[in-house]
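Novice: Structure for this input, please:
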Amino acid sequence: MRGTIRALFVKPEKGKASISLKEVHADDGGLNGDHHKGSSRKRQILLMSGSVMDRLALPLGTIHENVVVDGIDVMTLQEGQQLQLGDARVSVTMPCEPCIQMERVRKGLQDALENRRGMFVRVITPGLVKVSDTVELL
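Specialist: Residues are numbered from 1 along each chain as shown. Okay, the predicted model is just below:
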């Protein structure tokens with residue numbers, strides 16, 4: 001199973017907008033420059049399927065996703081599976097449950113994202129991750 005990174009985002013501060021990047025370094029704790037880095041072992045980086053963003057007509061970066069992936073339905077990934085994201089290796093940890101914050105983006109979005117909000121991963125091997133890099137299930 002292979003996909004491609006369409007977009008990368010970090011959120012430098014809680015309550016601030018996500019920033020789009022062309023590349024970012026992933027290391028122990030998550031993505032450099034993201035305010036969540038180091039705060040959790042399981043919730044380091046949020047992968048989101050580009051097809052879900054498209055179907056729901058969501059502008060990229062609006063729902064706090066870190067990596068938008070085309071060609072893979074990230075919700076089919078299982079806990080413990082490993083992926084190569086550019087030069088970084090990550091392990092799938094858990095699905096992201098849509099929270100009330102989604103209602104601030106658009107009314108009804110929390111329900112619309114049920115079972116398709118994305119999957120969290122943690123960094124196993126640090127590396128540079130770039131837009132257009134391959135995402136490969138290992």
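Novice: The lowest-mean-pLDDT helix or strand in the chain packs against which elements?
Specialist: None of the helices or strands of the chain scores lower by mean pLDDT, DSSP states H and E than helix 101-105, at a mean of 92. The helices and strands touching helix 101-105, judged by 3 or more CB pairs under 8 Å, 6 or more residues apart in numbering; DSSP states H and E, are helix 109-112. Yep, even glycine has a C-beta here, placed from its N, CA and C like the rest.
Novice: Other residues contacting the helix it packs on?
Specialist: 56, 58, 63, 98-100, 102-103 (CB atoms under 8 Å, 6 or more residues apart in numbering).
Novice: List the buried residues of that helix.
Specialist: 109-110, 112 (16 or more other CB atoms under 10 Å).
Novice: Same question for stretch 54-68.
Specialist: 58, 60-68.
Novice: Can you name the residues in contact with it?
Specialist: 5-11, 17-20, 30-31, 34, 45-50, 52-53, 85, 101-102, 105-106, 109, 112-113, 117-118, 129.
Novice: now do stretch 97-104
Specialist: 63-64, 109-111, 113-114, 117.
Novice: could I get it in PDB with only the CA atoms?
Specialist: What follows is stretch 97-104 as a C-alpha-only set of coordinates in PDB (Å, rounded to 0.1, in the frame of the first residue of the first chain):
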ATOM      1  CA  GLU A  97     -12.000  10.800  17.600                       C
ATOM      2  CA  PRO A  98     -13.700  13.900  16.300                       C
ATOM      3  CA  CYS A  99     -14.200  16.400  19.200                       C
ATOM      4  CA  ILE A 100     -16.400  19.400  19.700                       C
ATOM      5  CA  GLN A 101     -13.600  21.600  18.200                       C
ATOM      6  CA  MET A 102     -14.800  20.400  14.800                       C
ATOM      7  CA  GLU A 103     -18.100  22.200  15.400                       C
ATOM      8  CA  ARG A 104     -16.200  25.400  15.500                       C
END
